[in-house]
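Chemist: Generate a structure from the sequence data that follows.
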Amino acid sequence: MKILLVTDAWEPQMNGVVRTLTKTVEELRLKGHIVEIIAPSDGYWTMPLPTYPDIRLAPFAKRDVERRIIKFGPEAIHIATEGPLGQAARSLCLKWGMPFTTSYHTKFPEYIKARFPFIPLSLPYKFVREFHNSGGRVMVTTPSMVKFLSARGFKNLAPWARGVNTKQFGPDKRFNPVDVYKDLPRPIFINVGRVAVEKNIEGFLELDLPGSKVIIGDGPQEEQLKRKYQDVHFLGAKFGDDLARHFADADVFVFPSKTDTFGLVIIEAMATGTPVAAFPVTGPIDIIPDSNAGLVDEDLRKACLGCLELDREQAVRHAQKYSWSTVTEIFFNYLTPEYEPVARKKWRRIRRMTRIASSPYHFIKKILRKIWRFVRGKSA
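Modeler: Here you go, the predicted structure:
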């Protein structure tokens, strides 16, 4: 199948959304599908997201998005984000009557509220609800997110979980070849992810815990937290096997966020054998309870200390349930494709209409029509 993915979150960004999308595309291609990606890094003029300069947006790309969609002629379109590229693709799909699916990766309204407390939560929810309800199926991370969004008026919701690369994130990385935290007092409590206000990292840093606290990642709140918590070890962003080793060599992974919809880092930590402590909120409550791979508690300190008693092998076994192959198959089954002959016929018609609309004759005709209306108005 020819599948188009439109996303405002893509490499060189590195976060859970990007890792999810890149692995999904990789698996789709392995299964023989043709996948085209439209992302901000495709040579568009971009601008930084306010309050988060590491994320770049492409606000003036609609004309090129239109050209690329028509040229590719997809049988299925998936719009992964609500940013400018997602908005452009959505409006074109609605204009052409082309079915499309969307996905809801993060609690976007809560992110806005965390940065701009004066904005009522109802406004960004109205925006994202209208965006997603205008398409076909809305893929969300967990059953609890289906319930959460249904109560807020979202329609056609379906759970699409996340996977983990167990070859990269595995227990064999622990202390191999040496302990990456060998100079720090044990136990080691770590957090991995964007260092940003919506991640509630201070909920972790404020805890009275033994041993050492480690933050892996970067983001707009990093310098502020470094100044405030000088006993915490900020190691910056890590990638690949280096990241896997930092997961594996830790004793507990602490996930204080209350705005994530899943938390890919939760199962990445578990895959290396590191148990996870979290609040009982959407994401953690779908992954952790009854797993013996971590603990959720409103008292996050209690959950952290309790994780020190858990069997690391149980965490590994639980993470192995999350296969990227299975997750991608679910994604593919949720797409709303048009059969190839129907899609081919539709794109031929759209290409023909676009060529006519952009031809010099068309513009001359429009100008002559305006002149004629003006002359008629004068004579009247």
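Chemist: Which residues does stretch 325-335 contact?
Modeler: Applying Cβ atoms under 8 Å, 6 or more residues apart in numbering, the external contacts of stretch 325-335 come out as 1, 3, 23-24, 27-28, 31, 33, 76, 78, 101, 137, 139, 158, 160-163. C-betas here are computed from N, CA, C, even on glycine.
Chemist: For stretch 152-171, measure first residue to last.
Modeler: 40 Å (Cα to Cα, to the nearest Å).
Chemist: How about that stretch, which residues are buried there?
Modeler: 154, 157-166, 169-171 (16 or more other Cβ atoms under 10 Å).
Chemist: What distance do you get for the residue lying closest to I119 once chain neighbours are set aside to L123?
Modeler: Counting by Cβ to Cβ, 6 or more residues apart in numbering, I119 lies nearest to I112, which is 5.9 Å off, once chain neighbours are set aside. Separation of I112 from L123 (Cβ to Cβ, to the nearest Å) stands at 8 Å.
Chemist: now do F247
Modeler: F247 is 37 Å from L123, by Cβ to Cβ.
Chemist: the more surrounded of the two?
Modeler: F247 (26 against 11; other Cβ atoms under 10 Å).
Chemist: Work out for me the element the more buried one sits within.
Modeler: Per DSSP states H and E: F247 is located in helix 240-248.
Chemist: Tell me the helices and strands packed up against the helix or strand containing the residue nearest to I119.
Modeler: Under the criterion of DSSP H and E, I112 resides in helix 108-115. Using 3 or more Cβ pairs under 8 Å, 6 or more residues apart in numbering; DSSP states H and E, the elements in contact with helix 108-115 are helix 122-133.
Chemist: Which positions within the helix it packs on qualify as buried?
Modeler: 124-125, 128-129, 131-132.
Chemist: Of those, just say which sits nearest to Q230.
Modeler: Using Cβ to Cβ, P124 comes nearest to Q230 of those, at 35.0 Å.
Chemist: How about the contacts made by that closest one?
Modeler: Contacts of P124 by Cβ under 8 Å, 6+ apart are 108-109, 112-113.
Chemist: cutoff 10 Å now
Modeler: 82, 107-113, 116 (Cβ atoms under 10 Å, 6 or more residues apart in numbering).
Chemist: With respect to L295, which of these is nearest?
Modeler: Nearest member of the contacts of P124 to L295, counting by Cβ to Cβ, is K107, at 22.5 Å.
Chemist: now A196: how far from D172?
Modeler: From A196 to D172 the distance is 32 Å (Cβ to Cβ).
Chemist: For the two, indicate the residue with more neighbours.
Modeler: Set A196 next to D172 and count neighbours by other Cβ under 10 Å: A196 wins out with 23 against 11.
Chemist: quick one: that one from T106, how far?
Modeler: Distance from A196 to T106, by Cβ to Cβ: 11 Å.
Chemist: joint contacts of those two?
Modeler: 15, 257, 259.
Chemist: which one of those residues has the most neighbours?
Modeler: So for these (other Cβ under 10 Å), the most neighbours sit at S257, 29 neighbours.
Chemist: can you give me the strands for the stretch 1-150 of the chain?
Modeler: Secondary structure of the stretch 1-150 of the chain (DSSP state E, counting those that start in this stretch): strands at 2-6, 34-38, 47-49, 52-57, 76-79, 101-104, 138-140.
Chemist: no, scratch that, I was asking about the stretch 251-380 of the chain
Modeler: So, for the stretch 251-380 of the chain - with DSSP E, counting those that start in this stretch - the strands run 252-255, 276-278, 294-296.
Chemist: Reformat the ones you listed as a markdown table; add distance to V327.
Modeler: Shown next, in a markdown table, are the strands of the stretch 251-380 of the chain (distance: least, Cβ to Cβ, whole Å):
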| stretch | distance to V327 |
| --- | --- |
| strand 252-255 | 20 |
| strand 276-278 | 19 |
| strand 294-296 | 20 |
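Chemist: Of these, give the one that comes closest to R56.
Modeler: strand 252-255 (26.7 Å).
Chemist: Now do the buried residues in that closest one.
Modeler: 252-255.
Chemist: Repeat that for stretch 138-157.
Modeler: So, applying 16+ other Cβ under 10 Å, buried residues of stretch 138-157: 138-142, 144-146, 148-149, 154, 157.
Chemist: Any stretches of this structure with poor pLDDT?
Modeler: 355-367, 378-380 (pLDDT under 70).
Chemist: Okay, domains of it per the record?
Modeler: Per automatic domain parsing, the structural domains of the chain span 2-162+327-338, 171-321.
Chemist: of the ones you listed, which approaches F374 most closely?
Modeler: Using Cβ to Cβ, the domains of the chain put domain 2-162+327-338 closest to F374, at 28.5 Å.
Chemist: Ends of that closest one, what's the gap?
Modeler: Span of domain 2-162+327-338 from end to end, Cα to Cα: 10 Å.
Chemist: For it, what is the distance to the chain centroid?
Modeler: 8 Å (Cα atoms, centre = their mean, to the nearest Å).
Chemist: Please apply the same query to stretch 209-225.
Modeler: 22 Å.
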